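>>> what follows is a predicted protein model with its sequence.
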Amino acid sequence: MKQVFKALALTAAFVSAPVFAADSAEVGKPAPAFTLKDEAGKAHSLSEYKGKVVVLEWTNPECPFVKRHYDAKTMQTTQKGFDAKKVVWLTVDSSATHDAKTAAEWKKKEGFSQPVLLDTDGKVGKTYAAKTTPHMYVIDGQGVVRYAGAIDDDPRGKNTAKVNYVQTAVDALLNGKQVPTATSEPYGCSVKYKS
């Protein structure tokens, strides 16, 4: 009987084990290092932005939530409010079916300047435990994750008085303050990882 319980306990432990890497991104801990190529083939390493606040935006141009935010200019307006000398915004696409052409066409259509980093094998997305598009992370100048979650507190797009968590987190870091909301529940489409 003891062996049955032991086997059940091991099975339960295996089933509930996280699907993401053990060194996944956690608020208050160093952000996992990565190097990804953008839509133009240029490599970007997280380490090259040390000293700056880095915003990571997980995206999928086909996701209705992403479309809504880009149509409403949520991402563009948030990004434009930051000093480019102090803040870097990197958009990451972990969709298995997307490529440089998909990213370049979407970037041209939406008219933004930040690079779209391609993570088609999903390794970086899984390391960061990115669940939705969008899913946002804010990393401080020392390379520590200070915010992880949704762009704002308006999953249905109906609130007029929204709290933009990313804006709030970046402003706090630039002013030497503690991020008031360090985590929130991300909302959107599931990341379309390679199966």
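Right, received. Where do you want to start? Residues are numbered from 1 along each chain as shown.

>>> who's in contact with Asp93?
The contact partners of Asp93, by C-beta atoms under 8 Å, 6 or more residues apart in numbering, come to 58-61, 102-103, 116-119. For the C-beta atoms, the positions are set from N, CA and C on the backbone; glycine is no exception.

>>> again, only this time at 7 Å
Counting by C-beta atoms under 7 Å, 6 or more residues apart in numbering, Asp93 touches 59-60, 103, 116, 118-119.

>>> so what pLDDT did it get?
Note on Asp93: pLDDT of 98.

>>> show me what it is bridged to.
Leu118 (DSSP bridges).

>>> and Lys101, how close does it get to Val92?
As for Lys101, its distance to Val92 is 17 Å (criterion: C-beta to C-beta, to the nearest Å).

>>> these two: which has the busier surroundings?
Of the pair Lys101 and Val92, Val92 is the one with more neighbours under other C-beta atoms under 10 Å, namely 25 against 9.

>>> my guess is the more buried one meets Val55, correct?
No. Here Val92 does not reach Val55: they are 10.6 Å apart, not a contact under C-beta atoms under 7 Å.

>>> returning to that earlier point: and the contacts of Asp93, which is closest to Val138?
Thr59 (15.6 Å; C-beta to C-beta).

>>> next up, phi/psi of the closest one, please.
phi -140, psi 170 (degrees, to the nearest 10).

>>> can you offset everything so residue one is 888?
Sure, I'll start numbering at 888, so the last one becomes Thr946.

>>> pLDDT value on it, please?
Thr946 is assigned 98 on the pLDDT scale.

>>> roughly how far does it sit from Lys939?
Distance of Thr946 to Lys939, given as C-beta to C-beta: 20 Å.

>>> neighbour-wise, which of the two wins?
Between Thr946 and Lys939, counted using other C-beta under 10 Å, Thr946 has the larger neighbour count: 29 against 16.

>>> which SSE is immediately downstream of the worst-scoring helix or strand of the chain on mean pLDDT?
Ranking every helix and strand in the chain by mean pLDDT, DSSP states H and E puts helix 889-902 at the bottom, with a mean of 35. Following the chain from helix 889-902 toward its C-terminal end, the next helix or strand by DSSP states H and E is strand 922-925.
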